[in-house]
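**Student:** Here's a sequence, model it:
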Amino acid sequence: MRATTYANVLFVLCATSATQAFGAGPIQTSVCDINANPAMFEGAEVAVHGSIYVGMDASNISDAACPGVAIHLSVSHEASLRKDIRSFERNVRKYGMRATATVVGQFHAKAPVLPFPMPAIDMHSIKNVLFEAK
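**Tutor:** You can find the predicted model right below:
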């Protein structure tokens, strides 16, 4: 009887660990939460909703709840081929340099962003996009 109980407990622990490791989606968070504890999100897949600014040299996401704080957004070549990101890049030029959206990607607390290192999200996808008027 005891061996069966231990086996069941072990099975539940393994199933829970596998679900957390493989079945979990990105961590739903905010620019403010990431800024408060960037080490907690290091290397994690995050989904962040906020105001996006697209500039000539850099793009970032911010949140009105924590003014003066922004996270750099980068896009790899592979990600730039995705339909949602291509559409965003095309429309941001058409509608203006600002939008609100949810970005999904891997967070890095100390990414080498020129001219100075700052937190960054390597975007994999973008959704819930709403462009602001010019």
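**Student:** what's downstream of the worst-scoring helix or strand of the chain on mean pLDDT, the next helix or strand?
**Tutor:** Among the helices and strands of the chain, helix 2-18 carries the lowest confidence by mean pLDDT, DSSP states H and E, at a mean of 41. The helix or strand immediately downstream of helix 2-18 is strand 27-29, counting by DSSP states H and E.
**Student:** Relative to that following strand, what are the paired strands and their orientations?
**Tutor:** Applying DSSP bridges to the sheet, strand 27-29 is found paired with strand 45-54 (parallel).
**Student:** Check what contacts the strand it pairs with and list those residues.
**Tutor:** Strand 45-54 has contacts (CB atoms under 8 Å, 6 or more residues apart in numbering) with 25-31, 34, 59-64, 70-71, 73, 92, 97-107, 121, 124, 128. All C-beta atoms are positioned from the backbone trio N, CA, C, and that covers glycine.
**Student:** What's the first helix or strand after it?
**Tutor:** strand 59-62.
**Student:** could I have that next one exported to CSV, CA atoms only?
**Tutor:** The C-alpha trace of strand 59-62 is given here as CSV (Å, rounded to 0.1, in the frame of the first residue of the first chain):
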residue,chain,number,x,y,z
SER,A,59,11.7,51.0,-29.8
ASN,A,60,10.4,50.6,-26.3
ILE,A,61,7.4,49.8,-24.2
SER,A,62,6.2,51.8,-21.2
